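[1] below: sequence and its predicted model.
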Amino acid sequence: MPHSYRPTGIPGLTREMIDALMAMFEKASAGAIAVDRESRITWINDSYCRLLGVREVDVIGRPVRRIIPHTRMPEVVASGDPLLLDIMEHDGQQLVVTRLPYFDEGGVVTGAIACILYDDLQPLTPLVARYRRLHQDLQAARKALARHARGTRYSLSDFIGASPAALEVKRKARLAAGREMPVLLQGETGTGKEVLAQAVHAASTRAERPFVAVNVAAIPENLLEAEFFGVAAGAYTGAGKNRDGRFQLAHGGTLFLDEVGDMPLPLQAKLLRALQEGEVESLGSNQVQAVDVRVIAATSRDLGQMTSDGTFRSDLYYRLNVMEIAVPPLRDRLADLGILCESLLADLSDGPGLGAEITDEALALLARHHWPGNIRELRNVLERALTLNENAESLDHEVLAQVLPDLELPAGTAPGAADDPEPGVPGRGQTLAAAVASAERAAIESALAASRGNRSQAARLLGISRSVLYQKLDRLS
Ligand SMILES: Nc1ncnc2c1ncn2[C@@H]1O[C@H](COP(=O)(O)OP(=O)(O)OP(=O)(O)O)[C@@H](O)[C@H]1O
């Protein structure tokens, strides 16, 4: 066997030094053993003999592996490197061991010594438990980082709900994740379409690739094409270099087309071509680029009706609608109100078990609201209630009655309303910015309620463009 050398200048332990340490090993360890350069046993103490169930005379001179099959002493002899801490299995028992090589005067490995630090892992339980916890935290942090890197925050467990309607949505989402087909998510604003799109991506084989979201309604019409397909250098004044569109950015991954029903007809034709051919052409370029993109589209509008009206291409509709997931409005799954509130309150207070609970009367009050803004609106309502009720342990119906837009509640159901500010009217002690934000929020929610969640109509009622309404909704969520 080739013998290892200690690099010159770095003294190793000599047999003499080991002999001096032997007495300590004898006493402190649950067993100690030494081997020569051929990994034959040269010395073994009584406690190790007892542990192995052998007699010293029977093992001296024998290859150590014959007596202790899982020992790594031969490795230490061969490499000259110590194995300071290791767990070795022997006869179903786990032993914590340390192994050190020793050297002659010339720095050549002449053997190794091993001793058992613990023959019972019990004293190490707190350490092992701590290690496990740290390991789990590390895994969770790695996952969160990976999600962040690929642009998703949600997985399927973030779609909260246990009602039959919610379970059906999750079942379909799981099915969609296992296939490559396009998915169309149909549902009102704030029902969780983006949560689902991200969850489908995160559970699909494309999970490690990009997730790129584009809200068609939020982008001014004249910029949509460049946003989707990119711009070639010199395409127009100011286009200094090539700029990738969302399609190119999503290559290999998933493109989430939110509010696809708001796409102008000419762009629908280009989108259809990109999906059919798997290639795109940047604005101002005459070259096509191959793209491999899975599309998940979402809409709050009735695309079927739009195809009959001629405002949405039926060929594109069939292309996108290979698998449809109808996401129910909150009012149709009120059974989920309790767990939704629990989860949203935990989220708003930075962790489960922290923050306020919600009383049964408060839940009953919430169940009477129509929820035009769905879960986004529920989240906002709870957030405002928490602000009003900062130090209380539970949110009761009185607090919630103050923050629910009264439009959607029968008259007289807001106890204490006489003392409260009108919706949209600043409360005492509010800053101007907070008062303006709260008035704006109330106006938007009222408009959404009046238009039953139809955002184009709500934007008209508010006298703003759809894209401005979307920007405001984004800031509110
Ligand atoms: N089932 C759910 N469980 C927990 N949170 C949800 C759920 N659905 C929606 N949310 C929360 O509600 C907010 C709105 O969700 P999301 O953006 O996915 O809705 P959307 O249907 O895409 O809305 P829009 O059509 O207006 O873009 C987010 O804060 C999201 O976390």
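    Arrived safely. Numbering: from 1, shown residues only.
[2] list the contacts of L175.
    M323 (CB atoms under 8 Å, 6 or more residues apart in numbering). C-betas here are computed from N, CA, C, even on glycine.
[3] got a list of contacts for the helix or strand where I18 lies?
    Assigned by DSSP states H and E, I18 belongs to helix 15-28. When contacts are defined by CB under 8 Å, 6+ apart, helix 15-28 is touched by residues L13, A32, A34, W43, N45, L100, Y102, D104, T110, G111, I113, C115.
[4] out of those residues, which one has the weakest pLDDT?
    In terms of pLDDT, the lowest of the contacts of helix 15-28 is L13, showing 72.
[5] mind checking how far the closest residue to D46 other than its chain neighbours is from the ligand?
    Leaving out its chain neighbours, the residue that sits closest to D46 by CB to CB, 6 or more residues apart in numbering is E56, at 7.7 Å. Using CB to the nearest ligand atom, to the nearest Å, one gets 68 Å for the distance from E56 to the ligand.
[6] so who does E56 touch?
    I44, D46, C49.
[7] select from those the one having the most neighbours.
    I44 (22 neighbours; other CB atoms under 10 Å).
[8] R331: what's it in contact with?
    Taking CB under 8 Å, 6+ apart, one finds H370, W371 in contact with R331.
[9] check the spacing between it and L404 real quick.
    Using CB to CB, to the nearest Å, R331 is found at 14 Å from L404.
[10] kindly report the same for K193.
    With distances taken as CB to CB, K193 is found 24 Å from L404.
[11] ok, which pair from the contacts of helix 15-28 is furthest apart?
    Using CB to CB, the contacts of helix 15-28 reach their maximum pairwise distance at N45 and D104, which is 23.1 Å.
[12] look at those two and report which has more neighbours.
    Between N45 and D104, N45 has the larger neighbour count (other CB under 10 Å), namely 20 against 15.
[13] my guess is that one meets A32, correct?
    Yes - the criterion here is CB atoms under 8 Å, and N45 meets it with A32 at 4.9 Å.
[14] nearest spatial neighbour of A362, skipping sequence neighbours?
    H397 (4.4 Å).
[15] check contacts around the one you found.
    Applying CB under 8 Å, 6+ apart, the residues near H397 are T359, E361, A362, A364, L365, P415.
[16] do L395 as well
    L345, A356, E357, I358, T359, A362, L382, A385, L386, N389.
[17] please report how far the last one lies from P266.
    N389 sits 51 Å away from P266 when distances are taken as CB to CB.
[18] again with the third one
    In this view, E357 and P266 are 53 Å apart by CB to CB.
[19] the chain: strands as residue ranges?
    Secondary structure of the chain by DSSP state E: the strands cover 32-36, 41-44, 83-90, 93-103, 109-118, 183-186, 211-215, 254-258, 279-281, 288-290, 294-299, 323-326, 357-358, 394-395.
[20] hey, C-alpha coordinates of the second one in CSV?
    This points to strand 41-44. What follows is strand 41-44 as a C-alpha-only set of coordinates in CSV (Å, rounded to 0.1, in the frame of the first residue of the first chain):
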residue,chain,number,x,y,z
ILE,A,41,-5.0,-3.7,15.0
THR,A,42,-2.0,-3.0,17.2
TRP,A,43,-3.8,-1.9,20.3
ILE,A,44,-7.4,-1.9,21.7
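[21] tell me what that strand is packed against?
    strand 32-36, helix 56-59 (3 or more CB pairs under 8 Å, 6 or more residues apart in numbering; DSSP states H and E).
[22] which of the ones you listed is buried the deepest?
    With neighbours defined as mean count of other CB atoms under 10 Å, the helices and strands packed on strand 41-44 peak in mean count at strand 32-36, which reaches a mean of 24.
[23] and that one, which strands flank it?
    Using DSSP bridges, the strands paired with strand 32-36 in its sheet are strand 41-44 (antiparallel), strand 109-118 (antiparallel).
[24] how about the residues of the stretch 51-200 of the chain near the ligand?
    D158, F159, I160, G161, G187, T189, G190, T191, G192, K193, E194, V195 (CB under 6 Å from any ligand atom).
[25] for ChimeraX, what selects the buried ones among those residues?
    One line in ChimeraX is enough to select the buried ones among these; burial here means 16 or more other CB atoms under 10 Å:
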select :159,160,161,187,189,190,191,192,193,194,195
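[26] the ligand: which of the residues of the stretch 51-200 of the chain next to the ligand is nearest?
    Proximity to the ligand was ranked across these by CB to the nearest ligand atom; first place goes to G192, at 2.4 Å.
[27] and the gap between D120 and the ligand?
    Counting by CB to the nearest ligand atom, the gap from D120 to the ligand is 47 Å.
[28] now D315: closest residue in space that isn't a chain neighbour?
    L272 is the one closest to D315 (CB to CB, 6+ apart), at 6.0 Å.
[29] per-residue confidence for the one you found?
    93.
[30] what's the neighbour count on L51?
    Neighbourhood size, L51 [other CB under 10 Å]: 18.
[31] one more: L167?
    Neighbour count of L167, defined by other CB under 10 Å: 12.
[32] sorry, back to before: what residues sit buried inside the helix holding I18?
    Neighbour-count burial for helix 15-28 [16+ other CB under 10 Å]: R15, I18, L21, M22, F25.
[33] same list (those) but as CSV, adding pLDDT and distance to I375.
    Rendered in CSV, the data for the buried residues of helix 15-28 read as follows (pLDDT from 0 to 100; distance: CB to CB, whole Å):
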residue, pLDDT, distance to I375
R15, 71, 73
I18, 73, 69
L21, 74, 67
M22, 73, 70
F25, 73, 65
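[34] among those, which ones lie close to the ligand?
    Within the buried residues of helix 15-28, nothing lies near the ligand by CB under 6 Å from any ligand atom.
[35] redo those as a markdown table? Include distance to Q276.
    Converted to a markdown table, those look like this (distance: CB to CB, whole Å):
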| residue | distance to Q276 |
| --- | --- |
| R15 | 79 |
| I18 | 76 |
| L21 | 77 |
| M22 | 80 |
| F25 | 75 |
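[36] domain parsing of the chain, as residue ranges.
    Using automatic domain parsing, the domain parsing of the chain gives 15-120, 151-326, 329-420, 423-477.
[37] by mean pLDDT, flag the weakest helix or strand of this structure.
    helix 125-150 (a mean of 70; mean pLDDT, DSSP states H and E).
[38] and the closest residue to G373 other than its chain neighbours, what does it touch?
    Of all residues not flanking G373 in the chain, G190 sits nearest, at 4.7 Å (CB to CB, 6+ apart). By CB under 8 Å, 6+ apart, G190 lies in contact with L330, G373, N374, I375, R376, E377, S477.
[39] again, only this time at 7 Å
    Applying CB atoms under 7 Å, 6 or more residues apart in numbering to G190 gives the contacts G373, N374, I375, R376, E377.
[40] just for the stretch 251-400 of the chain, where's the confidence low?
    350-355, 391-392 (pLDDT under 70).
[41] close to the ligand: what parts of it are there?
    Applying CB under 6 Å from any ligand atom, one finds that the stretch 251-400 of the chain approaches the ligand through D258, S300, S343, I375, R376, R379.
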